[in-house]
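The following comprises the amino acid sequence and a computationally predicted model.
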Amino acid sequence: MRFTALACDYDGTLASHDRVGAPTVAALERARASGLRLMLVTGRTFFELTRVCDRLDLFAAVVAENGGVLYFPSEGRICDMAVEPPPRLLAELDRRGVLYQAGRVVIGTTRDHEEDIRAALAATGVTLALIANRRSLMLLPQGVHKGSSVRHVIRMLGLSARDVLALGDAENDADLFDACGFSGCPGNAVEELKGRADWIFAGENGTAIASALGRIVDGRLLLPATARHRIRLGWAARTAEPVTIPGRDANLLVQGDPHSGKSWLTGALVERLAGEGYATCVIDPEGDYHVLAALPGVSWFSVGREVEWNEVLAAMRHDPAATVVADVSASGYAEKVALIEAGLRRIRALREERGFPHWVVLDEAHYSLHPEGVSAEAFRVHEKGFCFVTHRASWLRSAVVESIDVFILARTSRPDELAFLRGHVAPAGVAAAPALPGREFLLSVRGGEAVTFVAPPRVTSHVRHLGKYTDCPVAAHQRFSFRLPGQLPIASAATLGEFSHALDQVGDAVLEHHASRGDFSRWVLDVFDDRHLGGHLRKVERRWARGEINDLRHALAQPLGLIEEDFEARPDGG
């Protein structure tokens, strides 16, 4: 696991008997030198903290008084996150003989005074939350806790909460754990917190954390196998058990025939990543993912020049939980590969700086990741977090294939692709791949057995409404004329219905002439402004030009014959 920040509790986590030991300080210094941003998060009053901790300079931010106060050591700036304790409540506590310590926001006492405190709150009409911390008790305004202020600091630092590791030991650290992507505690933590931690580090207090920091800095913590850190793809076809993949630290390959449902499933995966707050960048060479922009937090960009990547990544910098779709489909093949390489280089730099995007989804990966495609230095496939989508996995360079942890197969029937997959996927999975029905897929973890699963419904359903164009004629000058070079028109079409009929009637040479010029997709885009259908036809034209399609007539007719492209409405997906 790689983190961008640590949010560390003080007492019982970093400190023992008020102080942080020298080995723990040295471990924190190494963590900071490695690029980790450090946050100190404590229930102590701010001024009490300054008395006991002489290394506040190690931290980018200090959350004191259980979330009530923020302090930024490099700036010397302090800000209160709520109002000061009401004087009438303090007077009532004094009257009842309650021993307490008042901070800028918090009132700290011990749990044996809880009955008197509740009586004092009732008598004064003051509404404060009671927060337990082992034998201590803190009073704070409602909604103020460690988690609320840590979320604020994470946003200020421009980080993703999913890249932050929380370290704590007591009940009041539960909110801290909720605010961060991962959590750990020393062996002396309270049982309630141990039950919520991703990792329990052997030892006590700062000694345990100092030892753990070496593993954290070196990236030697393995992703915890908990449901919280997994993404559900669907349900096992035989048992209805959830089928999941790791949310981090894995590379995926989605392989399937054209029109097998692989892009549909990939879109479903992106929907789930977006819903879970994973920063995701989809690189779309064929214009298949623009519908995802209908989701909250998802932005679509057309990228035709390298400089336009700036806008794509600016959206991610602004929102570390954003999903962006970079559509490079308008460019020719060579320009497209160059744009993909430029994008991967910039994404790599952003990951090094901020830790995100957590996932990079590259559709039609065989276009750009074959041995003569994108430079191997453009991205670090071993750093994980890539999803490669293709119908020709055998074309991918070996380093990409070797990095795959999870194989997801849609229907795959080409003998050469099946032969390739036999070296990586369980034999039973390869044998079942050619006959997979719609909405069923195979998942195979490298070295494991294959599981057939049923995909859940999608939020964005790829619905097209071609019906309104089928019989509605266009103006005379917008008709499509089928012809050979230098000859009179053989047929013409004023509607999509006529266009579809003409495709069945004209000769192969006519179809090949127009496909080589991109005439079919250009007509649909210019006349009907249907980017979805136009994108499908453009994909057919380009695949035919590369020799990937044998039956051009059938390939052109297939998208035209579908009034609705919702995956559930047809067995072959999309």
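It's in.

now the helices: where do they sit in the stretch 351-500 of the chain?
Applying DSSP state H, counting those that start in this stretch to the stretch 351-500 of the chain gives helices spanning 365-368, 398-402, 415-421, 427-432, 467-470, 496-505.

next one: the stretch 51-200 of the chain
Applying DSSP H, counting those that start in this stretch to the stretch 51-200 of the chain gives helices spanning 87-95, 114-124, 146-156, 174-179, 191-194.

Output the second one as PDB, nothing but the C-alphas.
So that's helix 114-124. In PDB, the C-alpha atoms belonging to helix 114-124 read as follows (Å, rounded to 0.1, in the frame of the first residue of the first chain):
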ATOM      1  CA  GLU A 114     -20.600  11.700  33.900                       C
ATOM      2  CA  GLU A 115     -23.700  11.700  36.100                       C
ATOM      3  CA  ASP A 116     -22.900  15.300  37.400                       C
ATOM      4  CA  ILE A 117     -22.100  16.500  33.900                       C
ATOM      5  CA  ARG A 118     -25.400  15.300  32.500                       C
ATOM      6  CA  ALA A 119     -27.200  17.000  35.400                       C
ATOM      7  CA  ALA A 120     -25.200  20.200  34.700                       C
ATOM      8  CA  LEU A 121     -26.100  20.200  31.000                       C
ATOM      9  CA  ALA A 122     -29.800  19.700  31.800                       C
ATOM     10  CA  ALA A 123     -29.700  22.500  34.400                       C
ATOM     11  CA  THR A 124     -28.100  25.000  32.100                       C
END
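
now that helix against helix 87-95, angle please.
140 degrees (axes from the mean of the first three to the mean of the last three Cα atoms, to 10 degrees).

Run through the neighbouring helices and strands of helix 114-124.
If contacts are counted by 3 or more Cβ pairs under 8 Å, 6 or more residues apart in numbering; DSSP states H and E, helix 114-124 sits against helix 87-95, strand 129-133, strand 136-140. Quick note: C-beta positions are derived from backbone N, CA and C, even for glycine.

quick one: that helix to chain centroid distance?
Taking the mean C-alpha point of helix 114-124 and that of its whole chain, the gap between them comes to 46 Å (Cα atoms, centre = their mean, to the nearest Å).

try the shortest one
A distance of 28 Å separates the centroid of the chain from that of helix 191-194, by Cα atoms, centre = their mean.

Which parts of the stretch 401-550 of the chain are strands?
Secondary structure of the stretch 401-550 of the chain (DSSP state E, counting those that start in this stretch): strands at 406-409, 440-445, 450-454, 480-482, 491-493.

Tell me which residues are up against the fourth one.
The one in question is strand 480-482. 489-493, 499, 502, 506, 510, 514, 519, 523, 527 (Cβ atoms under 8 Å, 6 or more residues apart in numbering).

Could I have the PyMOL command that selects the buried members from the residues you listed?
Those of the contacts of strand 480-482 that meet the burial criterion (16 or more other Cβ atoms under 10 Å) are gathered into one PyMOL selection, given here:
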select buried, resi 491+493+499+502+506+510+514+519+523+527
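
and the least confident of the contacts of strand 480-482?
Least confident by pLDDT among these: that is V527, with 83.
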